[in-house]
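Asker: Provide a 3D model corresponding to the input given below.
(chains A and B)
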Amino acid sequence: MALNNFLILSAFLFCTGIYGVLARKNAVLVLMSIELMLNAVNLNLVAFSAFNSPTQSVRQAASGQVFALFVITIAAAEVGVGLAIVLLIYRNSRTADLDQLDEMKG
Amino acid sequence: MLNNAWLFPAIPALSFLLILFFGKRTPGKGAPIGIIALGSSFVLSIVAVVQWIQRVDDATGHSQGLRALGRGVFAGESSSHGEAVVTPVVHSFTWWQNAGISFGVGTRVDGLVVMMLFVVTLISLLVHVYSVAYMHNDIRYTHYYAMLSLFTASMLLLVVADNTLQLLVGWEGVGLCSFALIGHWWEEGVNSAAALKAFLTTRTGDIGLMIGIIIMFFAAGTFNITGTNVYALSKGADHTLLLAGATCLFIGVIGKSGQFPLHTWLPDAMAGPTPVSALIHAATMVVAGVFLAARMYPVFFKGFSIGAGGMNFMAITGGITIIIGAVLAFVQRDIKKVLAYSTISQIGYMVMALGVGAWTAAVFHLFTHAFFKALLFLGAGSVSHSGSHHSFDMKNDMGGLRKFMPVTFWTFMIGTAALCGIFPFAGFWSKDEILVTAGASGFDAFLVVGLIGAFLTAAYMTRCVYLTFFGEYRGHGHPHESEPLITVPLIVLACFSILAGLVNAAPLGVEKFKQWVEPTFVFPQLVHPEFDYPKAGLSLFIALLGIGIAAYFWFQKEELGPLKGLTQRNKAAHAGYTFLENKYYIDYLYEDVIVAGIKGPMARGAYWFNQNVIDKVVNAFGAGAVKLGRFTYNTIDQKGIDRAYDGVAEATGDAGGLLRYFQSGRVQRYALLLFGAVGILALALLIANS
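Answerer: All right, here's what the predicted structure looks like:
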């Protein structure tokens, strides 16, 4: 298995995420797309950590994995907050459609 | 106490501040503070008197060796007389120095000062007590007490001063307090006008005083009073300078002590509360001028050549004042104005006495006069307070009061007897001493003036007593005796009016006053005649004659026939009466001739100057300012500044218009921008790295 395979998969996932964020109208789906992008990043981190060079120490080798764990934790928190916001928005305006929400217009 | 004389002005000054800041909140509204302060000052002044008497006794007892230091050396005369020298107690330090001239502050205590301290603190204390009843429920009660304290502080500062500048500070201080207290009831225009008149008239004299102080400074090279006196008595003194200095100083005396021709303010000053008239305009402040002349006597003595026995400015002024004051007292309806003219006349005696070399007699008269004139004023206050419903008009609101107010009546009678110079009351001894010394020093003309004055005094006081206390009650109130707060000060002063003369009763062999008060240090040689029984008898006879004639005129009116209503029927007599009613037209001279004469041309000149100089300058400034303003508006403001601001605003608006397209409020557009920017950056990075 070569590193490139992982990177291609990661890039595919990331682009899918971007597409979802920019194109979907439903706020929940946008949040899910953000999760996709985060997981793409995680995949990158773990892949670079696994395909290490022979000179690095154990600690340096483990840092990529640990970083991925942190990102997962923060993603969980983020999606919690995000879903709460979406819930409130829906409750207030009876829609979760992002096209309809432009109250922050300048 | 002689060494700590600064306490005398300090205690009432402290009391002034306490009353001013805390008076309204303390019980008694400030009066107890003033009474306690003056009470302690009075006790201290008694201590000072005792200490000074001891000092004099010690010096005359066993310090004969000091004698040579005294007047003999400075006056260049032989010191063959057997008196020892009693030096004053001086404490002074340099306040500041400039160009080699030092300005000191300090205290200089001698017999004269100790006497003044006693008189001022005693009368001020009695007036403080009296005012508790007299000023009861007054609208500015606390303020009144504060000003009384400030007055006492200024007067004591003046008394203990060891240099002329410090004396001037006290002098102006008492003038200020006099102004404030005359105008105490300033809601009535008459009162505030009287206050202003008093202030401005005395200020006219003060200009003379200031010039005199400056002249004496340049003559003697010091402001120190002892130094100035030493210079005046030294052989090298310039007589012209001394004459000029003494004349200018004497103008200050004329203003302050109500001497002719600046006496016009004193009767008007009666607009103030009566206790104030007793304290300030009878017993203490108006004699400040006499005190000054007594203090710097060597200057006057040498300047006016009093020792030579000729006519001089001082004696003539005093003599004129005795007569004009006494004559005006006859035509007054207001009891306080009678007493005011009497004060003018009596101070005339003191000034005349100083002018004829009777220093001790003058100061002695100051001493006794303070008691009996304060007594008379406080008596008049008592009459108006309880007898005539707050009026001072003798003809309409008084009469027959002796039945209702026995204490006031008897004390007033004692004061009158003392003022008229009836044996053995205080005034007899002092007035007699003036007359005897005037005769013995070769001033016979002034002896005659003094005797005429004594006659007139006795007569107008008889009229005043008759109108107030005898006959039928003409007022509309319910006369009754005043409360003890008023009568007790009257009784105390009556005791002094009886007894004070005895400290210098020559025929009884008592000359303590002369021994204790007359300076022996730096002082000219004066004539001290023996007691003269014929002259004393003559003056007593003349006083009794005055009382007799006046009593005949007033008490026996019905039988008088041809004399009754003379001023209404006889043209000459009526003219004389009108002349007196108008106070010799001196006020008209001042107000309508001098003031108006200066005022008119000055006003016209000022108007011309205003129209032609000041207005043109102002107009030119205005026109220039308009042109400048127009230029600024059109060019700088409109074209410069406004354009710049408009430009900034437009640019901001345009930028905002552009930017608002990006602020759509849609999350996904923002995200698109974000990712687009990242993509562009990544592309740029790629290109840059390849």
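Asker: please name the residues that touch B:A195.
Answerer: When contacts are counted by CB atoms under 8 Å, 6 or more residues apart in numbering or on different chains, B:A195 touches B:179-180, B:182-183, B:186, B:269, B:271-272. All C-beta atoms are positioned from the backbone trio N, CA, C, and that covers glycine.
Asker: show me what from chain B comes close to chain A.
Answerer: Counting by CB under 8 Å from any CB of the partner chain, chain B comes close to chain A at B:659-660, B:662-668, B:671-672, B:675.
Asker: quick check on those: which are buried?
Answerer: Neighbour-count burial within the residues of chain B next to chain A applies to B:666-668, B:671; the criterion is 16 or more other CB atoms under 10 Å in any protein chain shown.
Asker: tell me which of the residues of chain B next to chain A fall in helices.
Answerer: B:659, B:667-668, B:671-672, B:675 (DSSP state H).
Asker: ok so, going back, as TSV, the buried ones among the residues of chain B next to chain A with pLDDT and distance to B:G450 would be great.
Answerer: Shown next, in TSV, are these (pLDDT from 0 to 100; distance: CB to CB, whole Å):
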residue	pLDDT	distance to B:G450
B:R666	81	118
B:V667	82	117
B:Q668	84	122
B:A671	88	120
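Asker: and B:P479, helix, strand or coil?
Answerer: coil (DSSP: H, G, I helix; E, B strand; the rest coil).
Asker: contact partners for the residue nearest to the spatial centre of chain A?
Answerer: For chain A, the residue nearest the mean C-alpha position is A:L38 (2.0 Å; CA atoms, centre = their mean). A:L38 sits next to A:17, A:71, A:75 when contact means CB under 8 Å, 6+ apart.
Asker: how close does it sit to B:L681?
Answerer: 20 Å (CB to CB, to the nearest Å).
Asker: then B:C177?
Answerer: Taking CB to CB, one finds B:C177 at 90 Å from B:L681.
Asker: between those two, which is the more surrounded one?
Answerer: Shown here are B:C177 and B:L681; by other CB atoms under 10 Å in any protein chain shown, B:C177 has more neighbours (25 against 10).
Asker: all strands of chain A, in order?
Answerer: Assigned by DSSP state E, chain A shows no strands.
Asker: low-confidence regions, it specifically.
Answerer: For chain A, the stretches with pLDDT under 70 are A:53-54, A:104-106.
Asker: show me the contacts for B:E650.
Answerer: Per CB under 8 Å, 6+ apart, neighbours of B:E650: none.
Asker: look up phi and psi at B:E187.
Answerer: phi -60, psi -30 (degrees, to the nearest 10).
Asker: an error on my part: the question was meant for B:P88.
Answerer: Dihedral angles for B:P88 - degrees, to the nearest 10 - are phi -70, psi 160.
Asker: distance of B:L456 from B:I214?
Answerer: 38 Å.
Asker: which of those two has more residues huddled nearby?
Answerer: B:L456 (22 against 14).
Asker: which strand or helix spans the more buried one?
Answerer: helix B:444-469 (DSSP states H and E).
Asker: how far away from the center of its chain is that helix?
Answerer: Offset of helix B:444-469 from its chain centre (CA atoms, centre = their mean, to the nearest Å): 25 Å.
Asker: out of the contacts of B:A195, who has the most neighbours?
Answerer: B:A269 (31 neighbours).
Asker: relative to its centre, which residue of chain A is most distant?
Answerer: A:T55 (30.9 Å).
Asker: could you tell me which residues make contact with it?
Answerer: Shown in contact with A:T55 (CB under 8 Å, 6+ apart): no residues.
Asker: for the closest residue to chain A within chain B, what are phi and psi?
Answerer: With CB to the nearest CB as the measure, B:Q663 is the residue of chain B nearest to chain A, at 2.6 Å. The phi/psi pair for B:Q663 (degrees, to the nearest 10) reads phi -90, psi 70.
Asker: could you measure from it over to A:I18?
Answerer: 22 Å.
Asker: burial of B:G537, as a residue count?
Answerer: B:G537 - counted by other CB under 10 Å - has 12 other residues nearby.
Asker: check the secondary structure at it for me.
Answerer: Classified using three-state DSSP, B:G537 is helix.
Asker: touching the strand or helix carrying B:F16 from outside, list them.
Answerer: According to DSSP H and E, B:F16 maps onto helix B:7-22. Here helix B:7-22 makes contact (CB under 8 Å, 6+ apart) with B:1, B:30, B:33-34, B:36-38, B:40-41, B:44-45, B:117, B:121, B:124, B:142, B:145-146, B:149-150, B:152-154, B:156-157, B:159-160, B:170.
Asker: which ones among these map onto helices?
Answerer: B:33-34, B:36-38, B:40-41, B:44-45, B:117, B:121, B:124, B:142, B:145-146, B:149-150, B:152-154, B:156-157, B:159-160, B:170.
Asker: remind me which residues of chain B are low pLDDT?
Answerer: B:61-84, B:309-310, B:506, B:509, B:555-575, B:577, B:583-584.
Asker: roughly how far does the residue sitting nearest the centre point of it sit from B:G399?
Answerer: Centroid check for chain B by CA atoms, centre = their mean gives B:M285 as the closest residue, at 3.7 Å. Relative to B:G399, B:M285 is positioned 32 Å away (CB to CB).
Asker: ok, now B:G318?
Answerer: In terms of CB to CB, B:G318 sits 35 Å off from B:G399.
Asker: so which of these two has more stuff around it?
Answerer: B:G318 (33 against 21).
Asker: which outside residues touch stretch B:508-515?
Answerer: B:56, B:60, B:360, B:364, B:367, B:502-504, B:528.
Asker: and with 6 Å instead?
Answerer: B:360, B:364, B:503-504 (CB atoms under 6 Å, 6 or more residues apart in numbering or on different chains).
Asker: using CSV, list the CA coordinates for stretch B:172-191.
Answerer: Output of stretch B:172-191 as CSV, limited to C-alpha atoms (Å, rounded to 0.1, in the frame of the first residue of the first chain):
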residue,chain,number,x,y,z
GLU,B,172,-8.1,98.9,57.1
GLY,B,173,-9.5,95.8,58.8
VAL,B,174,-11.4,97.9,61.3
GLY,B,175,-12.6,100.1,58.4
LEU,B,176,-13.9,97.0,56.6
CYS,B,177,-15.7,95.7,59.7
SER,B,178,-17.2,99.2,60.3
PHE,B,179,-18.5,99.1,56.7
ALA,B,180,-20.0,95.7,57.1
LEU,B,181,-21.6,96.5,60.4
ILE,B,182,-23.0,99.9,59.5
GLY,B,183,-24.6,98.1,56.5
HIS,B,184,-25.8,95.2,58.7
TRP,B,185,-29.4,95.8,57.6
TRP,B,186,-28.5,96.5,54.0
GLU,B,187,-32.0,95.8,52.8
GLU,B,188,-32.8,99.4,53.4
GLY,B,189,-31.0,101.7,51.0
VAL,B,190,-30.2,104.3,53.6
ASN,B,191,-28.1,101.9,55.6
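Asker: buried residues of it, list them for me.
Answerer: Result for stretch B:172-191 [16+ other CB under 10 Å]: buried residues B:172-175, B:177-186, B:191.
Asker: distance of the residue nearest to A:V41 when sequence neighbours are not counted from B:S386?
Answerer: Spatial nearest neighbour of A:V41, excluding adjacent residues (CB to CB, 6 or more residues apart in numbering or on different chains): A:V71 at 6.5 Å. Using CB to CB, A:V71 is found at 106 Å from B:S386.
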